[in-house]
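Student: Model the following, please.
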Amino acid sequence: MCNLIDNLTAGGTYGTGGAPLSQSDPGYYNLRWYLVSNDRNLLSQMYCEMGLIQTLVDQPVDDAFALGFELKSGQLEANDIEEVYKYFEDHKVNQAIGQAFKWCRLYGGGGVLVAVPIGKPDDPLDLTRIKPDTPIEFIATDMWELYQQKLNIPGDLAPFTDADEYYDYYSQRVHKSRVCTIKGKEPPSFVRPRLRGWGMSELEKMVRPINAYYKNGNVVYELLDEAKVDVYRLKGLNAALATAGGSNTVRQRVQMSNMLKNYNHALTMDSTDEYDQKVMNFSGLDAMAQQNHNDVAANMKMPQTKIFGQSAAGFNSGEDDIENYNSTLRSEIQAKAKHLYMTMVKIACQQLFGMIPDDLQISFPPLRILSAEGEEKVKDSQMERLIKAQAAGLISPLDAKKAINADSLIGTEIDETDETFQLEPEEPDAKKEEKKNSIMKRLFRRK
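Tutor: So this is what the prediction gives:
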């Protein structure tokens, strides 16, 4: 009876030695029951020392923002939009947003602090007070640099809510309007209080595959030391070891043999001694390594070409993997970045133009990059479409010139003031009237 009780309490069933598939015990046993998102020291050290961790954290962010962003507004001219782009470059806004997203993926939260000398840091930020000469700096921060003022107050069941107004940035009280925060993946409500209102680190789901990946590497490294073993069968070995100084004699003899082993030397031994070499077979290790690569890529939803520089052979050309990866970047990174870019664009417009347009639209270019041949085909199609539209009278030659220059369809800029340039030679007025009269006659005949 005792053995039966012990077996049942250990998660097994009598006579089977393990938990049945219908039980949840294996799920309990395979969980660690703590969150690495709360271990700042571990995550920081892993990011510094492990190249795989840096790739998993940085690569998706770099790919998502590699092509920048697109700004549209009916109240801004093309030159004004170019000034906004230049403002982002001069103030390193894109770098700050990208770094904040990297900290968000690593720790589960981050943000961009707008450091501007308008009022006190704990006063709400009034964007209308920003002038052209106002110094502004955009600082990327992680969640551990933004402590909430109401954190750990006794009796407070909601330590981090949108109603809280202040952060503590290195003992400096900062109003929330001066910080644009980013949260990681939303945890379930049962776990949410443990994360103090922030999200989960992307490495939370990667503990098991990363451990398996590095464990496989460590095993291979240890096996390399044991890949080749020399076996010496020495006559009288046991008797020699029993005498004084016998161990040193045997050691010297083996060392001398090992020193002589060379393609240019001969190994001399007694006729009664034997020498053999055992070589270990490493078959199956490459399959284990490939499985580890698959697990890491599957958990991060990234193609292996982005993580390890090579794809799994024998499946497809990689196009489907890249498409799935791009959709993940659009939904998990670019979608979260729109509110950050919108806030930064408003600040840029206020400082550059003294006003904030009310019809600002933020979008991101397609992540799929065409080949040189594909780009030329697209340009040919655009050029043909413009020629047909201008020939049909849908657009004027001036509009066609502007479209050609805007999309860089040809290798040089077209002088839009040159009236001699025509995409299609216009017909003389007499021919136009003749064609018009001919069409009218045919219509009357049909009636």
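Student: shaky segments in the stretch 301-447 of the chain?
Tutor: Low-confidence segments of the stretch 301-447 of the chain (pLDDT under 70): 309-320, 370-371, 411, 416-447.
Student: Would you map the strands across it?
Tutor: For the stretch 301-447 of the chain, the strands defined by DSSP state E, counting those that start in this stretch occupy 361-363.
Student: in it, which spans are helices?
Tutor: Along the stretch 301-447 of the chain, counting by DSSP state H, counting those that start in this stretch, helices occupy 304-307, 319-329, 335-353, 372-391, 397-407, 429-446.
Student: The third one packs against which elements?
Tutor: The helices and strands touching helix 335-353, judged by 3 or more C-beta pairs under 8 Å, 6 or more residues apart in numbering; DSSP states H and E, are helix 78-90, helix 93-107, strand 109-115, strand 179-183, strand 361-363. Where C-beta positions appear, they are placed from N, C-alpha and C, glycine not excepted.
Student: Grab the CA positions of the fourth one and hand them over as CSV.
Tutor: I take that to be strand 179-183. What follows is strand 179-183 as a C-alpha-only set of coordinates in CSV (Å, rounded to 0.1, in the frame of the first residue of the first chain):
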residue,chain,number,x,y,z
VAL,A,179,8.1,59.1,-21.4
CYS,A,180,6.8,57.0,-24.3
THR,A,181,6.8,53.4,-22.9
ILE,A,182,6.7,50.1,-24.7
LYS,A,183,5.5,46.9,-23.1
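Student: Residues touching that strand, excluding its own?
Tutor: By C-beta atoms under 8 Å, 6 or more residues apart in numbering, the surrounding residues in contact with strand 179-183 are 100-101, 104, 108-114, 141, 146, 167, 169, 197-199, 336-337, 339-340, 343-344.
Student: From the chain's centroid, how far away is the helix or strand following it?
Tutor: Using DSSP states H and E, the helix or strand that follows strand 179-183 in sequence is helix 207-225. In this view, helix 207-225 has its centroid 24 Å away from the chain centroid, taken as C-alpha atoms, centre = their mean, to the nearest Å.
Student: So which residues make contact with helix 207-225?
Tutor: Here helix 207-225 has contacts from 32, 36, 52-53, 203, 280, 282, 285, 288-289, 292-293, 295-296, 299, using C-beta under 8 Å, 6+ apart.
Student: Now the buried members of those.
Tutor: 36, 53, 203, 292-293, 295-296, 299 (16 or more other C-beta atoms under 10 Å).
Student: For the most centrally placed residue in the chain, which three-state class applies?
Tutor: Closest residue to the average C-alpha location of the chain: residue 60 at 1.4 Å, with C-alpha atoms, centre = their mean. Under the three-state scheme (DSSP: H, G, I helix; E, B strand; the rest coil), residue 60 adopts helix.
Student: Can you tell me how far it is from residue 126?
Tutor: Distance, residue 60 to residue 126, using C-beta to C-beta, to the nearest Å: 35 Å.
Student: Which ones among the buried ones among the contacts of helix 207-225 map onto helices?
Tutor: Among those, the residues falling in helices (DSSP state H) are 53, 292-293, 295-296, 299.
Student: if I pick the closest residue in space to residue 139 that isn't next to it in sequence, what's in contact with it?
Tutor: Distances taken as C-beta to C-beta, 6 or more residues apart in numbering place residue 113 nearest to residue 139, at 4.3 Å, with adjacent residues excluded. Contacts for residue 113 (C-beta under 8 Å, 6+ apart) come out as 138-141, 169, 174, 178-179.
Student: Would you mind listing the buried residues in stretch 139-152?
Tutor: 139-143, 145-148.
Student: swap in stretch 117-128?
Tutor: Quick answer for stretch 117-128 (16+ other C-beta under 10 Å): 118, 121, 125, 127.
Student: Kindly check the end-to-end length of it for me.
Tutor: The first and final residues of stretch 117-128 sit 13 Å from each other (C-alpha to C-alpha, to the nearest Å).
Student: tell me the mean pLDDT for that stretch?
Tutor: Taken as a whole, stretch 117-128 has a mean pLDDT of 92.
Student: if we look at that stretch, which residues are touching it?
Tutor: 114, 116, 129-130, 134-135, 166, 172-175, 177-178, 346-347, 350, 356.
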